[in-house]
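[1] Need a 3D model of the following:
(chains A, B and C)
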Amino acid sequence: MTILTATDVGISFGGVKAVDGVSFSVSPGQILSIIGPNGAGKTTLFNVVSGVYAAGRGKIHLSGEDVTGLPPHELAARGLSRTFQNLQIFQRMTACENVMVGRHLREKCSLLPALFRTPAVTRQNRETRAAALDLLAYVGLKDSADVLAGSLPYGACKRLEIARALAAEPKVLLLDEPAAGCNAVETEEIDHLIRQVADRGVAVVLVEHDMKLVMKISDRILVLERGRPLAEGTPREVRDNPKVLEAYLGHHGAREAARA
Amino acid sequence: MRAFANHRFLTLAILAAVIAVLPLVFPSSYYFRVASLVWVSALAAIGLNILMGQAGQVSLGHAAFFGIGAYAVGIGPAHLGIPSWAALLLGAALSAVLAYLVGRPILRLKGHYLAIATLGLGVLVALVISTESGWTGGPDGMPVARLTLFGWRVSGSDTWYWVTGGLLLVGTWIALNLDETPTGRAFRALHDSEVAAQVVGVDIARFKLQAFVIAAVYASLAGSALAFMNGFITPDQAGFLHSVELVTIVVLGGLGSVVGSIVGAAVLVTLPQALTVFHEYEHLLLGLIIIVSMIFMRNGIVPSLSALFFQRARS
Amino acid sequence: MAEFLQFLISGLTVGAVYALVALGFTLIYNASGVVNFAQGEFVMLGGMVTVFTFAAGVPLPLAALFAIVVSIVVGLLLHRLAIEPARGASAVTLIIITIGASILLRGVAQIVFDKQFHKLPAFTGDAPVDIMGAAVQPQSFWVLGGAGVVVLGLYVFLEHTVLGKAVLATAANRLAARLVGINTTTIMALAFGGSAAIGAVAGILVTPITLTSYDVGTLLALKGFAAAMLGGMGNPLGAVVGGLLLGLLEAFGAGYLSSTYKDAFAFLVILIVLFAAPQGLFGRRVVERV
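    Numbering: from 1, shown residues only, chains lettered A, B, ... in the order given. I've put the predicted structure just below:
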């Protein structure tokens, strides 16, 4: 049973086909990794799937419903959440507030009670904060809860984004290079985190350059090259695929993959 | 800035105390008038600051809503036979509806484009006001009937000092309330990153629109209050220069700081009054104040001072 | 037909002024990213300084030259005293600074000159020229011709001189321009001086037709800005076309629809254009990268 399906998705910018005829699907609890060299169209594909860009062609289905062309917040309401390759945290808000924004869809949010701060609003705020603190603890940021997010170190921001995305209680989570710029220990932590999230039944789509991480935790891997699908399969299949080995991974990458 | 917001009740208490104590040091009724002008400008600026400081959307035409509020209480009783208090509500409703209708297309724009679109809206409203002289008295303005509430005729500069002071307190309270609510967080989130706010489910168009409508209602009420207080209105109150003054108050006081808007209003309203001996030089001085404060107080007075204060406290 | 032609020519004349203001906007915007709301003040200065110098007995060409020089000095001072010190400030802060500068300049003009309306004699007489039934003031040709010369001169400067190319390079990418050794501060000063001169020329050319006073700058700046937006911010050709279009819209709107709301047309059109095509007529759509 798949929850997110992309069929023959394509988008071009000024005549350049950034993504061209890519299809994939992912089931709850599964981790699908999308790999490929820089400029392969991985982030663009994410942007199309999450509604940030409008797809030029193709269809996207979420929980069996056609969601092609829906804006990001409507996709979020249907259970799709994501993180960003180049951090998109709310700099002028505290870490805790960042995660509280992630609870947006779980909160009642009407204007007049907010303006007059009814007791219900105060109560809900307390609950949201408690939930956000739990998530911060989950990603190891409990001590930074009331620190301005703009002053957090890079690795912490990466985890903060994951916590914020999880706060929405998504059914599908798109992670764009969650381990980029992280050291070995942090990468290990993120690896655990992703596995845990998937084990709770969330479908995870992962874009990542760290081959070791990808080979270790992925259930399936989709390889892109210049916007087009090159290969798809289990980590083993992809690793043994001569097309991938020769055309994409090259000598060095192949060796690294073999070691993983 | 955050420290101030977290002490919501302290902020309100201090403001209430300032409003209560100031009259003790006022030597003449002229000071009541100037202080009332500060409260009214602060009220409009606090609303605009929700739009600019919290939600991060600039409006260079906000005096339009100030003008609508002012002219509603002028035209309502004079031409339509509506009681003054009802005209005030009608003006606020009109401003809200106009903001709601034009807000959706306008707020899709960003940066300079948003600036020119709001500016265009403001100029259009001001043009209508100064052209439809049958209703508005044209460029010369029109008189405004006194506000009467339950048989109480609100007049006198000291009375208006308390009325506008009370309005400011309520306006401050509401603006501070927003801070720890999903709505307030949505505003600040879309200010920092629209795309990140969207992917966690924030309908940014809806929240920008809410901020715009709130700011419009604040400005409209402030406009009505000023019209009642002065007993006379001119199209200048809806004009481009007034829009610029409102934006300057917000930025000068500090974007996102409620207290800042009050301080900004106090500075920008009292300085020209204090320099009234140089009447000829009024524009020159206003321009100079704007330039100098934008260069040297870029983050606004209140955030700059509180940063300085916390730095001292730490070292 | 005669009426149509009449509106066409008066529209183009006013449009040429808007085009020059928009061109000044564009020049500064490209070099520095600043939206200069004091642009209209240069037009005012051009007209007012010429009027008062001419009234003092200086021959008109010399008075005009003097006005241009004064405007350039003011433009350079604006850059040096108000824009340079605020380097790195946000776009909104910079906009407010230039608005402050425009209020300041208006205040100075009010004191140095006066609050009256002033007129310059037309350069080559007031006898209207008959063009297929339309009575055209000779000064209209001066405005159109002058604007044409300025546009052409700017084009040649930008495309065919090293300095002009440095301006274009700075506009395209300030950091890259600095890396290849272009002094971007000088370029910015040049842009402020240049657009002050352009504004002053517009003011001198149009004063015989529309009169001038210390406060003509605001509306001109707003309409010039609107014209620049209409053409697509940052595109010099767009600024010229946007200015002419705006002038025509106003003339035909006032002629055929309603003259009481002549000033409103510009802003209505701007709102509609912004709603329909937010990048202007000649702007490129920019895809936001995330």
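[2] does chain A sit close to stretch B:82-99?
    No: Stretch B:82-99 stays clear of chain A (C-beta under 8 Å from any C-beta of the partner chain), getting no nearer than 11.4 Å. Any C-beta I mention is one placed from the backbone N, CA and C, and that applies to glycine too.
[3] Give me the contact list for that stretch.
    B:64-65, B:68-73, B:75-77, B:80, B:145-149, B:209, B:212-213, B:215-217, B:219-221, B:223-224, B:228 (C-beta atoms under 8 Å, 6 or more residues apart in numbering or on different chains).
[4] Any of these buried? List them.
    Those of those that meet the buried threshold are B:64-65, B:68-73, B:75-77, B:145, B:147, B:209, B:212-213, B:215-217, B:219-221, B:223-224, B:228, by 16 or more other C-beta atoms under 10 Å in any protein chain shown.
[5] in chain A, which spans are strands?
    A:4-13, A:16-26, A:31-35, A:57-62, A:65-66, A:80-82, A:172-176, A:203-207, A:220-225, A:228-233 (DSSP state E).
[6] pull the CA atoms of the longest helix anywhere in chain A into CSV?
    The helix spanning the most residues in chain A, taking DSSP state H as the definition, is helix A:119-138. C-alpha atoms of helix A:119-138 as CSV (Å, rounded to 0.1, in the frame of the first residue of the first chain):
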residue,chain,number,x,y,z
PRO,A,119,-8.6,31.1,28.7
ALA,A,120,-9.0,28.4,26.0
VAL,A,121,-6.2,30.1,24.0
THR,A,122,-3.9,30.2,27.0
ARG,A,123,-4.7,26.5,27.8
GLN,A,124,-4.0,25.4,24.2
ASN,A,125,-0.8,27.4,24.2
ARG,A,126,0.4,25.5,27.2
GLU,A,127,-0.4,22.2,25.6
THR,A,128,1.3,23.2,22.4
ARG,A,129,4.4,24.3,24.3
ALA,A,130,4.5,21.0,26.2
ALA,A,131,4.2,19.0,22.9
ALA,A,132,7.0,21.2,21.4
LEU,A,133,9.3,20.6,24.4
ASP,A,134,8.7,16.8,24.0
LEU,A,135,9.8,17.0,20.4
LEU,A,136,12.8,19.2,21.2
ALA,A,137,13.8,16.6,23.8
TYR,A,138,13.3,13.9,21.1
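[7] Quick one: mean pLDDT over that helix.
    For helix A:119-138, mean pLDDT is 95.
[8] Stretch B:27-38 now?
    Stretch B:27-38 carries an average pLDDT of 92.
[9] buried ones in it?
    Neighbour counts over stretch B:27-38 (16+ other C-beta under 10 Å) mark B:Tyr31, B:Phe32, B:Arg33, B:Val34, B:Ala35, B:Ser36, B:Leu37, B:Val38 as buried.
[10] near chain C, from the residues you listed?
    Restricting the buried residues of stretch B:27-38 to those touching chain C (C-beta under 8 Å from any C-beta) yields no residues.
[11] which of those residues lies closest to chain C?
    Within the buried residues of stretch B:27-38, proximity to chain C (C-beta to the nearest C-beta) peaks at B:Leu37, which comes in at 19.0 Å.
[12] Show me what from chain A comes close to chain C.
    Neighbours of chain C within chain A, by C-beta under 8 Å from any C-beta: A:Phe13, A:Asn47, A:Val52, A:Tyr53, A:Phe84, A:Asn86, A:Gln88.
[13] Make a markdown table from the strands of chain A and add mean pLDDT to it.
    Conversion of those to a markdown table gives the following (pLDDT from 0 to 100):
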| stretch | mean pLDDT |
| --- | --- |
| strand A:4-13 | 93 |
| strand A:16-26 | 93 |
| strand A:31-35 | 94 |
| strand A:57-62 | 95 |
| strand A:65-66 | 94 |
| strand A:80-82 | 95 |
| strand A:172-176 | 96 |
| strand A:203-207 | 96 |
| strand A:220-225 | 92 |
| strand A:228-233 | 90 |
